[in-house]
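In: take a look and give me a structure for this.
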Amino acid sequence: MPELYPNETFGQKFKRKMDSFGRRVKRGLKSGIDWVVENPEAATLIVTVGGAAIGGGCKLAKTAMRSHNLKKEEYLKNCYIYDRSLGMYLHTKRPLNNKDYVTINERRDHGEKLSNILVDMNILD
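Out: A predicted model of the protein is given here:
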C-alpha cells in the first residue's frame, strides 16, 4: 500500500497522529457530555453503580493479594532453613516439626553442620 505522505519525517508523522488522536478524544468527550446532559437520571445511576463496583473490586483485589502474600510468606518461612556455616538458605521437602528441631539442636550441640544433619535426616529437597 503506498504511503499518503512519502516525504514525511518521523516528527511530522508523530505530530499528525497526535493531532488526529486529540480530535477523536475531543469528539468522544463532547458526545459523552451531550449524552449526560440529555439523560441525567441514567448518568447518575451509572456513576453510583460504577463507583460502588470499582470500590468493591478494589477491596476484593486487595484482600486476595494480602492473602496470597501471607501464604507465600508462610511457605517460605516453613520450607527454608538458614545455614550460617554455608551462608545460604536450604530448601526442605516439608515443614519441620518439633521432633526434627529437637534432633537438629542436639546434633548441632555435638558439633555437626546443619547441612550434614539435614542430609542425614533426608529432609533436604
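In: next SSE downstream of whatever helix or strand S20 lives in?
Out: Remark: S20 resides in helix 10-38, with elements defined by DSSP states H and E. Counting by DSSP H and E, the next helix or strand C-terminal to helix 10-38 is helix 40-79.
In: check which helices and strands the helix or strand following that following helix sits against.
Out: Moving toward the C-terminus from helix 40-79, the next helix or strand (DSSP H and E) is strand 80-83. Judged by 3 or more CB pairs under 8 Å, 6 or more residues apart in numbering; DSSP states H and E, the packing partners of strand 80-83 are strand 88-91, helix 114-120. The way it works is simple: take the backbone N, C-alpha and C, and place the C-beta from them, glycine included.
In: per-domain residue ranges of the chain.
Out: Domains of the chain are assigned by automatic domain parsing as 10-74, 84-120.
In: now render those domains as CSV, adding mean pLDDT, mean neighbour count and distance to L4.
Out: Shown next, in CSV, are the domains of the chain (pLDDT from 0 to 100; neighbours: other CB atoms under 10 Å; distance: least, CB to CB, whole Å):
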stretch, mean pLDDT, mean neighbour count, distance to L4
domain 10-74, 94, 10, 10
domain 84-120, 92, 12, 61
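In: any idea how far Y80 is from N116?
Out: Here the criterion is CB to CB, to the nearest Å. By it, N116 lies 18 Å from Y80.
In: L114 reaches D83, doesn't it?
Out: Yes. Using CB atoms under 8 Å, L114 makes contact with D83 at a distance of 4.5 Å.
In: list residues touching both of the two?
Out: L90 (CB atoms under 8 Å, 6 or more residues apart in numbering).
In: so L86 sits against S115, correct?
Out: Yes. Using CB under 8 Å, L86 is in contact with S115, at 6.0 Å.
In: ok but G111 is inside a helix, no?
Out: No. Assessed with DSSP: H, G, I helix; E, B strand; the rest coil, G111 is coil; it does not lie in a helix.
In: tell me, what residue is most central in the chain?
Out: The residue lying closest to the centre of the chain (CA atoms, centre = their mean) is M65, at 7.6 Å.
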